[in-house]
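**Q** Need a 3D model of the following:
(chains A and B)
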2 protein chains.
Amino acid sequence: MDENGRHIVVVGAGFAGLQFIKDLKGAGVRITLIDQRNHHLFQPLLYQVATTLLATSEIAWPIRRLFRDRDDVTTLLGTVIGVDATAREVRLEDGSAISYDTLVIATGARHAYFGHDEWAEHAPGLKTLEDATTIRRRILLAFERAETTTDPDERAAELTFAVIGAGPTGVELVGIIAELAHRILPREFRQIDTHRARILLVEAGPRILAAFDPELSQYAADALEKKGGVQILTGTPVTQITAQGITVGDDFIPARTVIWAAGVQASPAAEWLDAEADRAGRVMVTPALTVDGHPDIFVLGDTAHVESDGQMVPGIAPAAKQQGQYAARVIRARLTGAEAPDPFRYRSMGNLATIGRNSAVIEYKKWRLRGWPAWWAWGIAHIYFLIGTRSRLAVALSWLWSFVTGQNSARLITQGDNSERR
Amino acid sequence: MDENGRHIVVVGAGFAGLQFIKDLKGAGVRITLIDQRNHHLFQPLLYQVATTLLATSEIAWPIRRLFRDRDDVTTLLGTVIGVDATAREVRLEDGSAISYDTLVIATGARHAYFGHDEWAEHAPGLKTLEDATTIRRRILLAFERAETTTDPDERAAELTFAVIGAGPTGVELVGIIAELAHRILPREFRQIDTHRARILLVEAGPRILAAFDPELSQYAADALEKKGGVQILTGTPVTQITAQGITVGDDFIPARTVIWAAGVQASPAAEWLDAEADRAGRVMVTPALTVDGHPDIFVLGDTAHVESDGQMVPGIAPAAKQQGQYAARVIRARLTGAEAPDPFRYRSMGNLATIGRNSAVIEYKKWRLRGWPAWWAWGIAHIYFLIGTRSRLAVALSWLWSFVTGQNSARLITQGDNSERR
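**A** Here you go, the predicted structure:
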């Protein structure tokens, strides 16, 4: 094979895919990047779009734009529906096929409802911009409907918000919804007192932020409950979700707005490849991040089950980026005939979660940080990780504005289905 | 009637409705503002959302937020479907009714297709945020599809954009689409040359910007055509619009993206009131801006056919604001028993239209301004008219960024129907 004509197809423009392509700059390969969206999304801040703090365009960038100066990269908007590993082709929804020498699959994950797909309609998850605007619309509409109804039970149900799953996303959502009720929205309604909103954080496990040190979990739980209206239900799985509310254990709780932050399911790469997968559908990969028997097919990020030091690497942005870096190193070694790099090892960048405005928890190695210093550290880190000066300015302005004035800048009900107003 | 208990219902939170409410501050009345959206929209800049220059949240504000400090104002999210002028009630879609002492209808207009409603699907108009994101999606998807197709005819059709109607909105849309093709998108595609995009501006009348001085019209036409790829077709009505393209006179032109900026139809207030209306559905109002025989029902803005000095007042923001001001003056006079104000007179604030980046035409009384000084004057005026420091900062940042770097900040394909990708 002419190595300079080597064609690498990357499916998915998330953190892993982008990092992989960046690290192959000047490597003399030809890269085709396929994504079903035209934008890369900074998912760690998506919950802030869902809760009116940030605008959609502040955390999304056109993929083409990112690689406009890379003549070796072709960007395609398209939906991959399968892989023919024998013919070395990916198949697209529009009927076309694209052949590859090396394939990189980094297509991420979707929320999973543990066999209860019927819950999806009532409890949207948070993976795309559309998910975020859907959740934003539902939260804002609940307050609107509470204002117009005259039935006290109905009003209470509209003012009850339930977040299922108490990982960082669940905690962050609850934190900002509580602030909407206590800081942003009061004084704007005439019939309801938004302070009376109830925000439930439901977690099947024994504590919130299970990946964190127990002491930080407890700190976060206390900080959330201090916001008022927040109620944490741990150790109790959700057994039913309907348009009317949720059932936790045996108790039905009327709640008109339910958000799913519990389980994820990897995208169907394992089916495409007929490869071994874990229970969440993640492809089991070799220490070189390739598929067993297919050294030219890499699977990265949330789509892959990667182990490092005997532990599963978490599905977070820094882990995805490290995998992208690693795969690029493997490719470079192959191109130059150098020795293959050592097996992938994950360097933990720590755990972070915000608890609304001005409070966060961070752990990094032996370090523990909490309260407002953690919040500022978190904010600065995230501004740093955004792409480009423009987004950094915009997000910094949005945060600063919200911090100083108590007003969020993206309180829009859009793309609504009128039926949602009931 | 207890005047302090006087209840004014305002339907529509556009420029007329908001100005009316602002001017009644401290008047001792009770106001209920009903809108089917939760946000006030700065429509004069909506075309910039449709063309990726501004983000949705930069030109929209939660209505509740605007009146949070006005305890006399109650905001309701709801859809009015009728008026019972005898019972003095407005009827809402959810079955409820709200009684009024005075009613103000300022519900705006929608685009109208001159009896060809079937064109709506292929040629969206521009009145709401959803319209804007729909148009943005279609423009961006056309470039994407042009990149993936291998059929040269199909590629040419995808790269042909047709804007129907050459008022300020049509001209402004064409100006920015031309800049997308020539300034923003080149270098990002590998198969197509975006410079080859054709942008048609189709106008049934004899010249573009008919409301302007002919010399400025000519200037604008020349400036547009200088951008490259722009073709102005005047004096020829569109006779057919399909998914495949448009027919202008007898000529079929393949064009996959068509935008409607031609006709408007007032909202159905005339039907609600069983009142006399002009051909576009605008309610004929008295010189006091009330409905004949109903001195307590005002109709304002794009919903009303208002005459001043023998001419119809144009459907633009300054005219709507002046009508809101005037109606508030009438109410105040009635409350204090003072003499009714003189009949409404429109003070023209001039005509403005931008022609893409760094060029505009303005006429104000005897003054004519064009080119970059007009553009800067236009920009400063519009920043001034935005609501609040936050939006002014955000829009100024977006414009400045685009101006300096040639990068637009809201190039997102969202809420897409996959079928649009074809």
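**Q** Name the residues of stretch A:59-70 that are buried.
**A** By neighbour count, with 16 or more other CB atoms under 10 Å in any protein chain shown as the criterion, the buried positions of stretch A:59-70 are A:59-68, A:70. In short, each C-beta sits where N, CA and C put it, glycine included.
**Q** of those residues, list those near chain B.
**A** Subset of the buried residues of stretch A:59-70 in contact with chain B: A:60, A:62, A:64-65, A:67-68, counting by CB under 8 Å from any CB of the partner chain.
**Q** With secondary structure as added columns, please give those in TSV.
**A** Formatted as TSV, these follow (DSSP: H, G, I helix; E, B strand; the rest coil):
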residue	secondary structure
A:Ala60	strand
A:Pro62	strand
A:Arg64	helix
A:Arg65	helix
A:Phe67	coil
A:Arg68	coil
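**Q** Name the nearest of the residues you listed relative to A:Gly165.
**A** Nearest to A:Gly165 among those, counting by CB to CB, is A:Ala60 at 23.7 Å.
**Q** ok, and the closest non-adjacent residue to the closest one?
**A** A:His39 (4.1 Å; CB to CB, 6 or more residues apart in numbering or on different chains).
**Q** for the one you found, what are its contacts?
**A** Listed by CB atoms under 8 Å, 6 or more residues apart in numbering or on different chains, the contact set of A:His39 reads A:13, A:60-63, A:129, B:411-413.
**Q** Which of those residues fall in strands?
**A** Per DSSP state E, strands hold the following members of these: A:60-62.
**Q** which of those lies closest to A:Leu201?
**A** Closest approach between the ones in strands among the contacts of A:His39 and A:Leu201, by CB to CB: A:Ala60, at 27.3 Å.
**Q** and the closest one, what are its bridge partners?
**A** Beta-bridge partners for A:Ala60, by DSSP bridges, are A:Leu41.
**Q** I'd assumed A:Asn38 was in contact with it.
**A** No - the pair A:Ala60 / A:Asn38 is not scored as a contact, 9.0 Å apart, by CB atoms under 8 Å.
**Q** Could you tell me which residues touch both of these two?
**A** Here A:Ala60 and A:Asn38 have B:Leu412 as joint contacts, going by CB under 8 Å, 6+ apart.
**Q** if we can go back for a sec, tabulate the contacts of A:His39 (a markdown table), appending distance to B:Leu300.
**A** Formatted as a markdown table, those follow (distance: CB to CB, whole Å):
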| residue | distance to B:Leu300 |
| --- | --- |
| A:Ala13 | 48 |
| A:Ala60 | 38 |
| A:Trp61 | 42 |
| A:Pro62 | 40 |
| A:Ile63 | 45 |
| A:Leu129 | 36 |
| B:Arg411 | 36 |
| B:Leu412 | 34 |
| B:Ile413 | 37 |
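**Q** Closest to A:Pro206 out of these?
**A** Using CB to CB, the contacts of A:His39 come closest to A:Pro206 at A:Leu129, 33.6 Å.
**Q** need the contact list for that closest one.
**A** Contacts here follow CB under 8 Å, 6+ apart; on that basis A:Leu129 touches A:39, A:41, A:46, A:49, A:56, A:60, B:412, B:414.
**Q** Just these: which are in helices?
**A** Of the positions in the contacts of A:Leu129, A:46, A:49 sit in helices, assigned by DSSP state H.
**Q** Which residue in the contacts of A:Leu129 has the weakest pLDDT?
**A** pLDDT across the contacts of A:Leu129 is lowest for B:Thr414, at 82.
**Q** any idea how far the closest residue in space to that residue that isn't next to it in sequence lies from A:Ile380?
**A** Nearest non-adjacent residue to B:Thr414, counting by CB to CB, 6+ apart: A:Leu129, 5.4 Å away. Going from A:Leu129 to A:Ile380 by CB to CB, to the nearest Å gives 24 Å.
**Q** Kindly state the domain boundaries assigned to chain A.
**A** Domain assignment of chain A by automatic domain parsing yields the ranges A:3-36+A:78-108+A:267-336, A:112-263+A:356-421.
**Q** starting at the chain centroid, how far to the last one?
**A** I take that to be domain A:112-263+A:356-421. 14 Å (CA atoms, centre = their mean, to the nearest Å).
**Q** What's the separation between A:Arg155 and A:Phe143?
**A** Between A:Arg155 and A:Phe143 the computed distance is 10 Å (CB to CB).
**Q** out of the two, which sits in the more crowded spot?
**A** A:Phe143 (23 against 18; other CB atoms under 10 Å in any protein chain shown).
**Q** average pLDDT for the helix or strand encompassing the more buried one?
**A** Assigned by DSSP states H and E, A:Phe143 belongs to helix A:129-148. When pLDDT is averaged over helix A:129-148, the result is 95.
**Q** Also stretch A:234-250?
**A** Averaging pLDDT along stretch A:234-250 yields 95.
**Q** likewise stretch A:345-364?
**A** 92.
**Q** hmm, who's touching it?
**A** Stretch A:345-364 is contacted by residues A:167-168, A:171-172, A:175-176, A:178-179, A:183, A:209, A:211-213, A:216, A:219-220, A:223-224, A:227, A:306, A:308-309, A:313, A:318-319, A:322, A:365, A:367-372, A:374-375, A:377-378, A:381, A:402-403 when judged by CB under 8 Å, 6+ apart.
**Q** ok, and of those residues, which contact chain B?
**A** Checking the contacts of stretch A:345-364 against chain B by CB under 8 Å from any CB, not one of them is in range.
**Q** ChimeraX command for the buried members of those residues?
**A** Only the buried entries of those go into this ChimeraX selection, using 16+ other CB under 10 Å:
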select /A:167,168,171,172,175,176,178,179,183,209,212,216,219,220,223,224,227,306,308,313,318,319,322,368,369,370,374,375,378,402
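**Q** which ones among the contacts of stretch A:345-364 are found in helices?
**A** Going by DSSP H, the helices hold A:168, A:171-172, A:175-176, A:178-179, A:216, A:219-220, A:223-224, A:318-319, A:322, A:372, A:374-375, A:377-378, A:381, A:402-403 from those.
**Q** Which residue does the stretch 151-300 of chain A have closest to chain B?
**A** Nearest residue of the stretch 151-300 of chain A to chain B (CB to the nearest CB) works out as A:Glu188 at 3.9 Å.
**Q** I misspoke; the intended subject was the stretch 251-400 of chain A.
**A** A:Arg390 (5.3 Å).
**Q** Which residue is the nearest non-sequential neighbour of that residue?
**A** B:Trp401 (5.3 Å).
**Q** got it, and A:Ala243?
**A** Sequence neighbours aside, A:His122 is the residue nearest to A:Ala243 in space, at 5.5 Å (criterion: CB to CB, 6+ apart).
**Q** Buried residues, the helix or strand hosting A:Ala396. List them.
**A** Per DSSP H and E: A:Ala396 is located in helix A:388-405. Applying a neighbour-count criterion of 16+ other CB under 10 Å, one finds A:390-395, A:397-399, A:401-402 buried in helix A:388-405.
**Q** cool, stretch A:276-295 as well?
**A** By 16+ other CB under 10 Å, the buried positions in stretch A:276-295 come out as A:277, A:281-286, A:288-291, A:294.
**Q** Closest to A:Glu93 out of the contacts of A:His39?
**A** Relative to A:Glu93, the closest of the contacts of A:His39 is B:Ile413; by CB to CB it sits at 15.6 Å.
**Q** isn't the closest one right up against B:Leu140?
**A** Yes - between B:Ile413 and B:Leu140 a contact is recorded at 5.0 Å, counting by CB under 8 Å.
**Q** More neighbours: which of these two?
**A** Neighbour tally, B:Ile413 and B:Leu140, criterion other CB under 10 Å: the higher count belongs to B:Leu140, 25 against 22.
**Q** any idea how far that one is from B:Ser409?
**A** The spacing between B:Leu140 and B:Ser409, counted by CB to CB, is 14 Å.
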